[in-house]
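1. just the structure for this:
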Amino acid sequence: MVATILTTKKPDSPIIQTEDLCIQFGRQIVLNALTLSIPRGQTVAIIGESGCGKTMLLKALVGLLPVSRGSVRFDGRDLRTMSEVELTGLRKRFGFVFQNAALFDSMNIEQNIAFPLNQHGVPEGMTARALIEQRLTEVGLPRNVLPKRPSQLSGGMRKRVGLARALILQPELLLYDEPTTGLDPIMSDVINELILRTQSKYSVTSIVVTHDMHSAKKIADRVIMLYPYSRLLPGESQILYDGPPEELDQTKDRRVRQFVRGEAGERLMELLATPASHVDETPHLHDTIARREAD
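-> Below you'll find the predicted structure:
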């Protein structure tokens, strides 16, 4: 059995803080000097083009990826000072909804949802089966999916199973990596509504990496846009925007406006004007990022 985790923190106190956060592979900098503070109960959407380090940031925030420089604090504690045993205990306090659900093909749906319970134990006063069925109901799935394999479910159903698994221990922090990717507009909005309902029911802090501007504007209290470090001007912050979603379209930075509106013209001209020699110098960086983000 595991006891319910109590906290004396104020509702609006930061649950996540970073200071001068840097992630670097060899000479290639992916994230540089990021300083963020995310209060409890806030829903933050992280946007930006592919390769700017969004998924790496998610993993660094919960200690799944070591930082090269700077610090990450979860509930006031610096992750670098924590032992592996302490980090394992900490991970009971967050849930991760992976981009493609990341369900285990060799397990049925019940076993997939129960996986965190096998790792951390069943909360006091509950049975595993009752908790699994409760979470399944919360994401709008019938109990008859429990004996099925992930391959027997649609993409939208697999995403909801992934959310049920992330919710199983009632985490304080939920991280979503592209939760609507590959879904039709209706199912995408179902996922958005589930994110909103989860936030309302559990007052959980949510960090959502997404390219879907409709989703970002619907679910987020705050939007942060990252930009690839390699394309910044000297001294520029990698955070181009940090503010409410309703002000995204009015921001003065044209790069933010172009991304939000899906305008490729200027970016296309940049790509066409890139010398072949420059392209040849950096493919290993893109390969490294792709491999890391796929993990």
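2. just give me the longest helix of the protein.
-> Secondary structure of the chain per DSSP state H: the longest helix is helix 185-202.
3. ok, and what's touching it?
-> Contacts of helix 185-202 from elsewhere in the structure, counted by Cβ atoms under 8 Å, 6 or more residues apart in numbering, are 41, 43, 138-140, 155-156, 159-160, 163, 167, 170, 174, 176, 179-180, 183, 204, 206, 208, 212, 214-215, 218-219. The C-beta positions use only the backbone N, C-alpha and C, and glycine is treated the same way.
4. is it true that C22 lies in a strand?
-> Yes: assessed with DSSP: H, G, I helix; E, B strand; the rest coil, C22 lies in a strand.
5. separation between the nearest residue to it once chain neighbours are set aside and R129?
-> Leaving out its chain neighbours, the residue that sits closest to C22 by Cβ to Cβ, 6 or more residues apart in numbering is R69, at 3.9 Å. Distance from R69 to R129, counting by Cβ to Cβ, to the nearest Å: 46 Å.
6. about what we covered before: look up how far V256 lies from the residue nearest to C22.
-> Taking Cβ to Cβ, one finds R69 at 26 Å from V256.
7. again with P66
-> 30 Å.
8. more crowded one of the two?
-> The residue with more neighbours, out of P66 and V256, is V256; 21 against 11, by other Cβ atoms under 10 Å.
9. hang on, that one packs against M225?
-> Yes: using Cβ atoms under 8 Å, V256 is in contact with M225, at 5.6 Å.
10. rewinding a little: ok, now which ones touch the residue nearest to C22?
-> Applying Cβ under 8 Å, 6+ apart to R69 gives the contacts D20, L21, C22, Q24.
11. is L240 in a helix, a strand, or coil?
-> Using three-state DSSP, the structure places L240 in strand.
12. please read the previous query as pertaining to T18.
-> Three-state call for T18 (three-state DSSP): strand.
13. what's across from it in the sheet?
-> Per DSSP bridges, the residues bridged to T18 are L36, V72.
14. I figured it hits F74, correct?
-> No: counting by Cβ under 8 Å, T18 stays clear of F74, with 10.2 Å between them.
15. what sits in contact with each of those two?
-> L61.
16. how far away is the residue nearest to R222 when sequence neighbours are not counted from V72?
-> Counting by Cβ to Cβ, 6+ apart, V44 is the residue found nearest to R222 once chain neighbours are left out, at 4.9 Å. Counting by Cβ to Cβ, the gap between V44 and V72 amounts to 15 Å.
17. quick check: mean pLDDT of stretch 145-160?
-> Mean pLDDT, stretch 145-160: 93.
18. in the stretch 101-250 of the chain, which spans are helices?
-> For the stretch 101-250 of the chain, applying DSSP state H, counting those that start in this stretch gives helices covering 109-120, 128-138, 155-167, 185-202, 213-219.
19. below-threshold pLDDT in the stretch 151-295 of the chain: ranges please.
-> Applying pLDDT under 70 to the stretch 151-295 of the chain flags residues 265-271, 273-295.
20. now do 90
-> 169-170, 181-183, 200-203, 233, 249-250, 261-295 (pLDDT under 90).
21. G162: neighbour count?
-> If you count neighbours by other Cβ under 10 Å, G162 ends up with 26.
22. count the neighbours of the closest residue to it other than its chain neighbours for me.
-> Excluding its sequence neighbours, the residue lying closest to G162 (Cβ to Cβ, 6+ apart) is A101, at 3.8 Å. Each residue near A101 was counted by other Cβ under 10 Å, and the total is 21.
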